[in-house]
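Asker: need a structure here:
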Amino acid sequence: TELPQKVTDPTVTIKLEDFEDYDEQVKETSTPAVVTIASSSYNPCDIRGTCGPNAKCEPIRNEPTCSCPSGFSGIPRNGKPDPQHGCVRTPLTCKGNSTCVQDHTCVRDVCLQGCQSDTQCALGERCITDDDQPDRKVCIKICFY
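Answerer: Take a look at the predicted model:
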């Protein structure tokens, strides 16, 4: 069956011919913009860069659907949060550690994720020692996407 055409982001270029077994996985129809999937094992989320950093991808009718995990929000694009361009941790305000969720620490009135190493932090964050509590490390955002 043919899938309806979907407006895509003009800044994203995906060349299907760069993927191995391209000819075996897809069959072009008479309309070049529409692709018919020849294999039911096709997963559009397997294409690197389908969704932005920290975003989750779920295939729905062979189309990638990007979303942000709990506690994150989409990076704004044209005034709207857009997980296709990535997700960043949504800061929550606090008045002391007791007002933060488990594994978070209140630093300068913001709840921050606790960590032991960078691998426990989201992309774009680093695990550093909290200046106010030297025995505690937290994930701090170090860059914007």
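Asker: List the contacts of the spatially most central residue of the chain.
Answerer: The geometric centre of the chain, computed from its C-alpha atoms, lies nearest to Ala55 (C-alpha atoms, centre = their mean), at 1.6 Å. By C-beta atoms under 8 Å, 6 or more residues apart in numbering, the residues touching Ala55 are 66-68, 74, 83-84, 86-87. Quick note: C-beta positions are derived from backbone N, CA and C, even for glycine.
Asker: let's see 7 Å
Answerer: Neighbouring residues of Ala55 by C-beta atoms under 7 Å, 6 or more residues apart in numbering: 66-68, 83, 86-87.
Asker: what are the ranges of the strands in the chain?
Answerer: According to DSSP state E, the chain carries its strands in the segments 26-28, 35-37, 56-60, 63-67, 72-77, 80-89, 92-93, 104-107, 110-113, 125-129, 137-141.
Asker: okay, those strands in TSV with distance to Ile47 next?
Answerer: Below are the strands of the chain laid out as TSV (distance: least, C-beta to C-beta, whole Å):
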stretch	distance to Ile47
strand 26-28	12
strand 35-37	12
strand 56-60	9
strand 63-67	8
strand 72-77	19
strand 80-89	12
strand 92-93	33
strand 104-107	34
strand 110-113	29
strand 125-129	25
strand 137-141	27
